[in-house]
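> Return atomic coordinates for the entry below.
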Amino acid sequence: MGSLQSDAPLFAVRASLVARVARVALPVPSDELYDYAVPAELDLQAAPGCRVRVRFGARQLVGVIVERSSEVRFDGALRSVEQVLDEEPAIVPSLLEVVREEAAEILCPIGIALAAVPPAGSVPRARRSYALTPRGRDALAQGVTSASDRAVLERLARRPLGVATLRRHGIDAAALARLERDRLVAVESALPTPRAPRAGAGAAAAPPPVPDVPPALTSDQAKALEPIVESIRAREARTFLLHGVTGSGKTEVYLRAVAEALRLGRQALVLVPEISLTHQIVMRLRARFGDAVAVLHSGFRPAERLLQWRRLRDGSTPIAVGARSALFAPIEDLGVLVIDEEHDGAYKNEEGFRYHARDLAARRAARAGCPLVLGTATPSLETRFAADRGALRRLVLPSRIEGRPLPAVEIVDLEQERRFLPRGRKLVFSRALSRALAENLARGGQAILLLNRRGFSSRIFCFACGHAERCDHCDVALVYHASEQCLRCHYCDLRRAPPVVCAGCGGSDSALLGLGTQRVEEELRARLPEARVARLDRDTASRRGTTERVLRDLREGRLDVLVGTQMVAKGHDFPGVRLVGVVFADVGLHLPDFRAAERTFQLLTQVAGRAGRDALPGRVIVQTFAPLHYAIRPVRNHDYEAFYAEELGHRAPLGYPPFGHLASLLVSGPDEERTREAAERLVAVARGAGEPVEVLGPAPAPLSRLRGRFRWLALLKGADAARVRETARVLAAAAARVAEPLQAVVDLRPQQML
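Residues are numbered from 1 along each chain as shown. Have a look, this model is predicted:
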């Protein structure tokens, strides 16, 4: 019945005598709410949405109160809530209900879902200390202790002290244990008052930008804004797809919608897919609305995040902006919700609470009675298909601001280009891209070079036998990092010195193959030594402040060329960038994922849109071995409609989204045979669930070994969403019973197939 019998009398209260019950969601793989008695002294503080510390079996856990009740569902002894950790609910009521609904929909245990909501670092850790008991005070007053014990008791008579402090004063654990056994001292477990963050922590500490003057809207912008504003005023929960080409002024539409929400005394929430994009949108928002903006993302230290969260919680700040987790902002009167670059895969959480921000945002908007605006130049197929079927309204911005042309795109066939390459020379830059870089630099223009992978090269490869160096724990090639002179696995971080001879045949003809951002950067510096060059990828961005500094340098003209991965491809507005080069467009195109072509087209179209956003025209050069592929060919004319139509044609006969619905099962474990057997048993459960759902697999996952664990994948597929979900529910119940060290995870609506 969702309750635990107590074997600890200190925490037990007869249920028949208790009218105060808290139903608590705990971070365990169960959909149960667990009943705990609320002591009288905690009754007013223990509100729904507050976090509490409770005993669960032999463990002490932090859970969230979901309900209060006078009804007792368990005829026995209830444990009591030990501590309430929040002075006011950490999860506002409307958000609590939204998360409950979404967790139930996607088959996530409610406690695991709610654990993801409060900001990291906001739960203080219990501090153990020793305090003098009344018996100890009497002993001290009567002088009946030894000299050494008296010294300890005198210190504790002033105030309780932690173990570390006592040890610094020469008091060892044996002495403390003896005094505790004699009941002269007792251990206390107290929650310290969270230290307030320093004033100005986080993004709010940045120098305020120069206030902007809202520009006149184009007719297309005004037409798109009108129904959004109408929905804000009418408190209608409508969803809009703002489909605008790159540089068409989508952000200005967002700003006007936010302004209308604020004018009516309501709040606004703006999501971006990457932390690297928050700085740009924050500067735009602060230029328009001053310090009325709070930033929520994982790049801040816990104290900084907590400060931003509190500014929203107390109502002093009406605008929240951040990456995916900003969707949990403590906002009660939401007037508009915006998701920029709605197509981006980063909006799906891949661990724990496996929500998609787009779905959870729709629930928040529905409960708040406000519009949800999905903005992008390259809508996901599911979103565009929903618009075509009337499930949401599509608003179009067909051209760039002030009639500026989209950049000219040239597609270079690398297979043809290799014919002009000297024997033994590695192809990095085609003749067209080499000339364009030199000409652009001479004219004072800036350039972006995109390569969606890291490292100096992709692998160590032997020309004699074809052996490639691979990770011992993951089924992936190792990457050579020139700065560290080592091979690294980008999954488990295994590191190894490059081989002197081939491990396969003993030959000495091993060679660096493939390309990485470091290799592109070094080749660029060799060709254009006078150019100011920087690199931005996951390695460099891991250093705090690097991303903001590099992007600021590019925006303010202190860089000539930026070499980067996909984090430079989307959403940025760099007026001086006139040239974009895609070094190798085929990366990711042939991955075993039905969305591979869609992601390739989106990435290429987005990065192409970084060029020519000022008065001067832009140019894009795309290097590829597949110039006629349907995901690459339409990029030449920025033709989303052509790609969309062809991709729908590929997916329809296979029943993939948006024509069908999916759920995935991933089983992993350290033993290959046991992992396979567990996957096959679970798939048999799915096939016996009685629903007409197609079950594919199990088979080794494309990344068949990761961090020392073998991985098997199966898919559920069907035209009826309810039937797929019901089969997935049965499968998830069976997966929850899989014993460690095996793990089995069911993901409803998966986004990654690797």
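> Am I right that residue 729 is in contact with residue 105?
No - taking contacts as CB atoms under 8 Å, residue 729 lies outside contact range of residue 105: 10.5 Å. All C-beta atoms are positioned from the backbone trio N, CA, C, and that covers glycine.
> okay, the host helix or strand of residue 439 in CSV with CA atoms only?
For residue 439, the host element (DSSP states H and E) is helix 431-442. Taking C-alpha atoms only, helix 431-442 is exported to CSV below (Å, rounded to 0.1, in the frame of the first residue of the first chain):
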residue,chain,number,x,y,z
ARG,A,431,40.9,24.0,-53.7
ALA,A,432,37.7,26.0,-53.5
LEU,A,433,37.7,26.2,-49.8
SER,A,434,41.5,27.0,-49.7
ARG,A,435,41.0,29.9,-52.1
ALA,A,436,37.9,31.1,-50.3
LEU,A,437,39.6,31.2,-47.0
ALA,A,438,42.5,33.3,-48.3
GLU,A,439,40.3,35.7,-50.2
ASN,A,440,37.9,36.2,-47.2
LEU,A,441,40.8,36.9,-44.9
ALA,A,442,42.3,39.4,-47.4
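> what about the helices in the stretch 651-754 of the chain?
Assigned by DSSP state H, counting those that start in this stretch, the stretch 651-754 of the chain shows helices spanning 672-687, 721-735.
> now for those, which one comes closest to residue 501?
Among those, helix 672-687 comes nearest to residue 501, with 29.5 Å by CB to CB.
> list the helices and strands the closest one packs on?
strand 661-669, strand 694-706, strand 709-718, helix 721-735, strand 743-748 (3 or more CB pairs under 8 Å, 6 or more residues apart in numbering; DSSP states H and E).
> tell me how far it is from the chain's mean position?
Relative to the centre of its chain, helix 672-687 is centred 30 Å away, using CA atoms, centre = their mean, to the nearest Å.
> Likewise for stretch 689-709?
Worked out by CA atoms, centre = their mean, stretch 689-709 lies 24 Å from the chain centre.
> Which elements pack onto the helix holding residue 439?
Using 3+ CB pairs under 8 Å, 6+ apart, helix 431-442 is in contact with strand 408-413, strand 446-450, helix 517-527, strand 577-582, strand 619-624.
> As JSON lines, those with mean pLDDT, distance to residue 555 and mean neighbour count would be great.
Shown next, in JSON lines, are these (pLDDT from 0 to 100; distance: least, CB to CB, whole Å; neighbours: other CB atoms under 10 Å):
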{"stretch": "strand 408-413", "mean pLDDT": "96", "distance to residue 555": "23", "mean neighbour count": "17"}
{"stretch": "strand 446-450", "mean pLDDT": "95", "distance to residue 555": "9", "mean neighbour count": "27"}
{"stretch": "helix 517-527", "mean pLDDT": "90", "distance to residue 555": "20", "mean neighbour count": "19"}
{"stretch": "strand 577-582", "mean pLDDT": "95", "distance to residue 555": "9", "mean neighbour count": "27"}
{"stretch": "strand 619-624", "mean pLDDT": "96", "distance to residue 555": "19", "mean neighbour count": "25"}
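> Let me have the ones you listed in TSV, adding distance to residue 613 as columns.
Below are those laid out as TSV (distance: least, CB to CB, whole Å):
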stretch	distance to residue 613
strand 408-413	14
strand 446-450	11
helix 517-527	22
strand 577-582	7
strand 619-624	12
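> right, so of these, which gets closest to residue 59?
Here helix 517-527 is closest among the helices and strands packed on helix 431-442 (CB to CB), at 44.5 Å.
> helices or strands next to the closest one in the packing?
Applying 3+ CB pairs under 8 Å, 6+ apart, one finds that helix 517-527 makes contact with helix 431-442, strand 533-536, strand 561-564.
> For the longest one, list every residue counted as buried.
Of the residues in helix 431-442, those buried by neighbour count under the rule 16 or more other CB atoms under 10 Å are 432-434, 436-437, 440-441.
> Which single one of these is nearest to residue 675?
residue 433 (45.1 Å).
> Residue 212: neighbour count?
12 (other CB atoms under 10 Å).
> Please disregard the earlier target; I meant residue 299.
Neighbour tally, residue 299, other CB under 10 Å: 20.
> what element comes up after whichever helix or strand residue 240 is part of heading to the C-terminus?
In the assignment (DSSP H and E), residue 240 maps to strand 239-244. Of the helices and strands lying after strand 239-244 in sequence (DSSP H and E), the nearest is helix 250-263.
> which residues touch that following helix?
Helix 250-263 is contacted by residues 214-215, 217, 221, 224-225, 228-229, 232-233, 242, 244, 267-268, 270, 281, 284-285, 288-289, 292, 318-319, 335-336, 338, 340, 370-371, 373, 375, 397 when judged by CB atoms under 8 Å, 6 or more residues apart in numbering.
> are any of those residues buried, and which?
Buried members of the contacts of helix 250-263, counted by 16+ other CB under 10 Å: 221, 224-225, 228-229, 232, 242, 244, 267-268, 270, 281, 284-285, 288-289, 292, 318-319, 335-336, 338, 340, 370-371, 373, 375, 397.
> Return the subset of these lying in helices.
Counting by DSSP state H, the part of those found in helices is 221, 224-225, 228-229, 232, 281, 284-285, 288-289.
> Now that we have those, can you turn them into a markdown table and tack on distance to residue 592 and pLDDT?
Below are these laid out as a markdown table (distance: CB to CB, whole Å; pLDDT from 0 to 100):
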| residue | distance to residue 592 | pLDDT |
| --- | --- | --- |
| 221 | 41 | 98 |
| 224 | 38 | 98 |
| 225 | 42 | 98 |
| 228 | 39 | 98 |
| 229 | 45 | 98 |
| 232 | 43 | 98 |
| 281 | 34 | 92 |
| 284 | 39 | 93 |
| 285 | 40 | 95 |
| 288 | 45 | 96 |
| 289 | 45 | 96 |
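> between those, which is closest to residue 599?
residue 281 (22.6 Å).
> closest one to residue 628 among the helices and strands packed on helix 517-527?
helix 431-442 (17.7 Å).
> Next, the angle strand 577-582 makes with that closest one.
160 degrees (axes from the mean of the first three to the mean of the last three CA atoms, to 10 degrees).
> quick one: residue 737 from residue 731, how far?
Per CB to CB, to the nearest Å, residue 737 is found 11 Å from residue 731.
> got it, and residue 292?
In terms of CB to CB, residue 292 sits 46 Å off from residue 731.
> quick one: low-confidence parts of the protein?
In the predicted model of the chain, residues 1-19, 121-128, 189-205, 207, 423-425, 453-466, 474-476, 482-483, 490-491, 508-515 satisfy pLDDT under 70.
> Where does the record place the domain boundaries for it?
As given by automatic domain parsing, the domain ranges for the chain are 9-115, 127-190, 209-402, 408-458+514-650, 661-748.
> In JSON lines: these, plus distance to residue 493.
Formatted as JSON lines, the domains of the chain follow (distance: least, CB to CB, whole Å):
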{"stretch": "domain 9-115", "distance to residue 493": "26"}
{"stretch": "domain 127-190", "distance to residue 493": "32"}
{"stretch": "domain 209-402", "distance to residue 493": "18"}
{"stretch": "domain 408-458+514-650", "distance to residue 493": "12"}
{"stretch": "domain 661-748", "distance to residue 493": "9"}
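> Nearest to residue 507, out of these?
Using CB to CB, the domains of the chain put domain 408-458+514-650 closest to residue 507, at 16.7 Å.
> tell me how far the closest one is from the chain's mean position?
That offset, for domain 408-458+514-650, works out to 24 Å (CA atoms, centre = their mean).
> Skipping adjacent residues, who's closest to residue 732 in space?
Excluding the flanking residues, the one nearest residue 732 by CB to CB, 6 or more residues apart in numbering is residue 746, at 4.1 Å.
> likewise residue 692?
Closest to residue 692 by CB to CB, 6+ apart is residue 723, at 6.5 Å.
> contacting residues for the residue nearest to residue 569 when sequence neighbours are not counted?
The spatial neighbour of residue 569 that comes closest, neighbours along the chain excluded (CB to CB, 6+ apart), is residue 607 at 3.8 Å. Shown in contact with residue 607 (CB under 8 Å, 6+ apart): 448, 450, 566, 568-570, 580, 582, 620.
> now the helices: where do they sit in the stretch 101-250 of the chain?
So, for the stretch 101-250 of the chain - with DSSP H, counting those that start in this stretch - the helices run 110-115, 134-142, 147-158, 163-168, 173-181, 219-234, 250-263.
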